[in-house]
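*Asks:* Give me a 3D structure for the following:
(chains A and B)
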Amino acid sequence: MSTEEGMARRQLPLSGDEGFVEDFDAFYRRERSAVVGLAFVLSGSRTAADDLAQEAFVAAYRRWDTVGGYDDPGAWVRKVVSNNSISRWRRAKSEAKAVLLLGSSRDHVVPGLSAETEDVWRAVRALPRRQAQCIALHYLDDRSVDEIGEILGCSPNTVKTHLVRGREALAFTLEGGDQR
Amino acid sequence: MSRIDDLLERSADEVRQAVARMPQREVTTVAQTSTRKTYLSAAVAVAGVIVVVLLGWALFGFGGAEEVDPIEPTPTPVDPDAAPLPAAPARLEAGTFATDVLGPTFSFSVDGSAPDTWYLQVAAPGEVAISHPLSNGPGDRDIWFGYPDALSDPENPYTAGWPIDDLDGWLEANADVVLDGPTDSIVGGRPAVSVTLAGARPCRDPEGPDDVPCPTFAFDDDQGALWLVEGARFEIWWIEDVDGSPFVIAAGDSTWTDEFRADVDAVVASWASDQSEAPATAPDLGGDPDLLAERARAAAAEVGDPDLEAAIEDAIDSGLLDFSGPPDEAIVNLLEFSWLLDTTNPEPEMLDLFLAPDGGARTSYETSNTFGAGGLIVVTGEGAYEVESAEASAVADYSPSIAATSPDDAVVVEVVVSIPEIEVRAADGSVVRTVPERVSQPLAYVLVPGDTGWLIWLELA
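*Replies:* Reported below is the predicted structural model:
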């Protein structure tokens, strides 16, 4: 959906209006955990995940009059997180601080994860960028192939291909090649 | 559900539950962040950058590399006992590893034993990257190896606009990101320059909202740019003239510690590269689309088939007529051209068109669109194999036929590709999967002699 369509569909309160803040607040509270999870599996760092999610939510907040009108503003935030999380050329997004004046723990580890799970997501992060994004969005965020295509800006067939290849590569890495 | 599906689902559940238990940042803080505060923060950051730059200028200067005693460099060859770099991702137990995935073989050594080992993130054409044992993932204490294609344009940092052979000029033009150096050094017995780059101002991903351009350093055609976002720090070793191009080792990114620095120095000190056998030179493919069209028309006229001539005109009009391009840039479905391996007509030199990368040793094609779930199939003169994960049986059975031959050796070839089966095998020889029979639509090509052989083709089908 285009920005114009989204804005036309919905009468948005002005920035600063009480309803506007509550609207975003509810969105943030609903989506925050899932977005942090996505950022974590893609970045491999709890701190980076918090920063990436925060950065994406701040970006959404700043243009909430537009983003809030989208059918799925969560997809927009996930797109920002996905784009910022992984790079083949080491983008150092984990230190690309949002402009927030927030304290943050320097812990990188998410407590409670098994070694197997750490290995799984580490292997996912080692996949080509699009494959890793598709795997994370599909398995962690329960996004459909069509939704992932919308988020990443590619066709459903491309998403399917990335998922198949990603699974094959993970099977090879984690299970010695047999994905059955 | 497959085991890998099940594993991913379980791992996803675990992450969801763990993240849900993590303390949340206060949403009210996010909502109350003001643009004014943003500008104030940015102003403070800019002031800090200015101070750092002035200090850097005063302490180090940026006029060029610092002088060191002259050393006659002698390239250090790769240790013949080095182990092949394993397929990524993989843990790297202590030892010396060698790979030719980027071109000429290079090697490096790492220390550490499980579980505190370096971790191979990627080893593929374009880049090799390893993570320090203390790394928390990509971007955190990494070492990257590669051949960049260009430096970034200082005026437009998301484009490659600065010549690769003018590092000094680029550093002068980007003094705000130069934290230390450049310093002449020797790496692997070769002349090198080391420099520390650091991102010092807030910036954003151009793919995201609120684009505030980040400084970037070098570009690689396949991988993008090395970014210098705020807080990022890279130690760069710019090794001159490895296979005719600069070879770059970039270490660091988001986290720097003394332990990491010491380990990086050890890895860099161990780096060695073989001399390239010979510079890879792409055969002359003509390069003139008008000439190609002219020759194709002439070839069709010589064949004397009105339908063929009409097809060629249609192809020219619709842009189907094209050069394959220099072999190192061409993506050609070798599986559809493998009949060349079995034919003696046209000339064997035609193989150069398809097998020229890496000195004629390799080319590749993404087969996913033709084989469904697939990988990167590489076809060589000795057979086919799937890189990174498995080895396939030799490609079987093609059905080419020479439809017509012109008096001047232009050839029209009709091809039906029939591949009964490809067994994709793991390294231990076991069959991972079988690609079912695939029969292509009839394809027709006009092959026209080029200056160095049969190097021009036209796809008509």
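
*Asks:* Mind giving me the packing neighbours of the one helix or strand residue A:59 maps to?
*Replies:* Following DSSP states H and E, one finds residue A:59 within helix A:46-62. Helices and strands touching helix A:46-62, by 3 or more C-beta pairs under 8 Å, 6 or more residues apart in numbering or on different chains; DSSP states H and E, are helix A:18-43, helix A:73-85, helix B:27-32. Where C-beta positions appear, they are placed from N, C-alpha and C, glycine not excepted.

*Asks:* relative to helix A:73-85, how tilted is the next helix or strand after the second one?
*Replies:* Downstream of helix A:73-85, the first helix or strand assigned by DSSP H and E is helix A:115-125. Computed with axes from the mean of the first three to the mean of the last three C-alpha atoms, to 10 degrees, the direction of helix A:115-125 lies at 80 degrees from that of helix A:73-85.

*Asks:* quick check: angle from helix A:115-125 to helix A:18-43?
*Replies:* Using the same axes, to 10 degrees: helix A:115-125 against helix A:18-43 is 90 degrees.

*Asks:* Contacts for the helix or strand just after helix A:115-125 next, please.
*Replies:* Downstream of helix A:115-125, the first helix or strand assigned by DSSP H and E is helix A:129-135. In this structure, residues lying in contact with helix A:129-135 by C-beta atoms under 8 Å, 6 or more residues apart in numbering or on different chains are A:42, A:82, A:85-88, A:124-127, A:148, A:152, A:154, A:158-159, A:162-163, A:165-167, A:169-170, B:8.

*Asks:* same thing with stretch B:245-254?
*Replies:* Residues contacting stretch B:245-254 (C-beta under 8 Å, 6+ apart): A:48, A:90-92, A:94-95, B:106, B:139-148, B:164-165, B:167, B:187, B:217-218, B:226, B:231-240, B:260, B:264, B:267-268, B:271, B:273.

*Asks:* One more: stretch B:262-271?
*Replies:* B:96, B:106-111, B:118, B:130, B:132, B:143, B:187-188, B:235, B:237, B:239, B:249, B:251-252.

*Asks:* try 7 Å
*Replies:* Outside stretch B:262-271, the residues within contact range by C-beta atoms under 7 Å, 6 or more residues apart in numbering or on different chains are B:96, B:106, B:108-111, B:132, B:143, B:187-188, B:235, B:237, B:249, B:251.

*Asks:* Now the buried members of these.
*Replies:* Using 16 or more other C-beta atoms under 10 Å in any protein chain shown as the burial test, those include B:106, B:108-111, B:132, B:143, B:187-188, B:235, B:237, B:249, B:251 as buried.

*Asks:* Farthest-apart pair in these, please.
*Replies:* B:132 and B:188 (20.4 Å; C-beta to C-beta).

*Asks:* Need the nearest residue in space to residue B:86, chain neighbours excluded.
*Replies:* residue B:120 (6.6 Å; C-beta to C-beta, 6 or more residues apart in numbering or on different chains).

*Asks:* Sheet-wise, list the partners of the one helix or strand that neighbour maps to with their directions.
*Replies:* Assessed by DSSP H and E, residue B:120 sits inside strand B:118-124. Strand B:118-124 has the following sheet partners, assigned by DSSP bridges: strand B:90-92 (antiparallel), strand B:127-131 (antiparallel).

*Asks:* Please export the C-alpha coordinates of the last one as CSV.
*Replies:* Extracted C-alpha coordinates of strand B:127-131, given in CSV (Å, rounded to 0.1, in the frame of the first residue of the first chain):
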residue,chain,number,x,y,z
GLU,B,127,34.4,-12.2,1.2
VAL,B,128,35.8,-14.2,4.0
ALA,B,129,34.9,-13.2,7.5
ILE,B,130,35.7,-14.6,10.9
SER,B,131,34.5,-13.6,14.3
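
*Asks:* tell me what the next helix or strand after that strand is packed against?
*Replies:* Using DSSP H and E, the helix or strand that follows strand B:127-131 in sequence is strand B:140-146. Other elements packing on strand B:140-146 under the criterion 3 or more C-beta pairs under 7 Å, 6 or more residues apart in numbering or on different chains; DSSP states H and E are strand B:127-131, strand B:245-253, helix B:258-270.

*Asks:* And those: which comes nearest residue B:309?
*Replies:* It is, among those and with distance given as C-beta to C-beta, strand B:245-253, at 44.3 Å.

*Asks:* And the closest one, what's buried?
*Replies:* In strand B:245-253, counting by 16+ other C-beta under 10 Å, buried: B:245-253.

*Asks:* and if you look at stretch B:153-171?
*Replies:* B:153-154, B:157-158, B:160, B:162, B:164, B:167, B:170-171.

*Asks:* Show only the entries of these found in helices.
*Replies:* B:167, B:170-171 (DSSP state H).

*Asks:* Let's have those in a markdown table, adding distance to chain A and pLDDT.
*Replies:* Shown next, in a markdown table, are those (distance: C-beta to the nearest C-beta, whole Å; pLDDT from 0 to 100):
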| residue | distance to chain A | pLDDT |
| --- | --- | --- |
| B:167 | 17 | 86 |
| B:170 | 17 | 87 |
| B:171 | 19 | 88 |
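
*Asks:* Let me know how buried residue B:241 is, in neighbour terms.
*Replies:* 12 (other C-beta atoms under 10 Å in any protein chain shown).

*Asks:* check whether stretch A:65-79 contacts chain B.
*Replies:* No - using C-beta under 7 Å from any C-beta of the partner chain, stretch A:65-79 never reaches chain B; the gap is at least 8.1 Å.

*Asks:* Now that stretch - C-alpha only, PDB.
*Replies:* Taking C-alpha atoms only, stretch A:65-79 is exported to PDB below (Å, rounded to 0.1, in the frame of the first residue of the first chain):
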ATOM      1  CA  ASP A  65       1.000  10.000  10.900                       C
ATOM      2  CA  THR A  66       2.100   8.000   7.900                       C
ATOM      3  CA  VAL A  67       3.300   4.700   9.300                       C
ATOM      4  CA  GLY A  68       0.300   4.400  11.700                       C
ATOM      5  CA  GLY A  69      -2.000   4.500   8.700                       C
ATOM      6  CA  TYR A  70      -0.500   1.500   7.100                       C
ATOM      7  CA  ASP A  71      -2.400  -1.800   7.100                       C
ATOM      8  CA  ASP A  72       0.500  -3.400   9.000                       C
ATOM      9  CA  PRO A  73       2.800  -0.800  10.600                       C
ATOM     10  CA  GLY A  74       4.500  -3.700  12.300                       C
ATOM     11  CA  ALA A  75       5.700  -4.900   8.900                       C
ATOM     12  CA  TRP A  76       7.300  -1.500   8.300                       C
ATOM     13  CA  VAL A  77       9.100  -1.600  11.600                       C
ATOM     14  CA  ARG A  78      10.300  -5.100  10.800                       C
ATOM     15  CA  LYS A  79      11.600  -3.900   7.400                       C
END
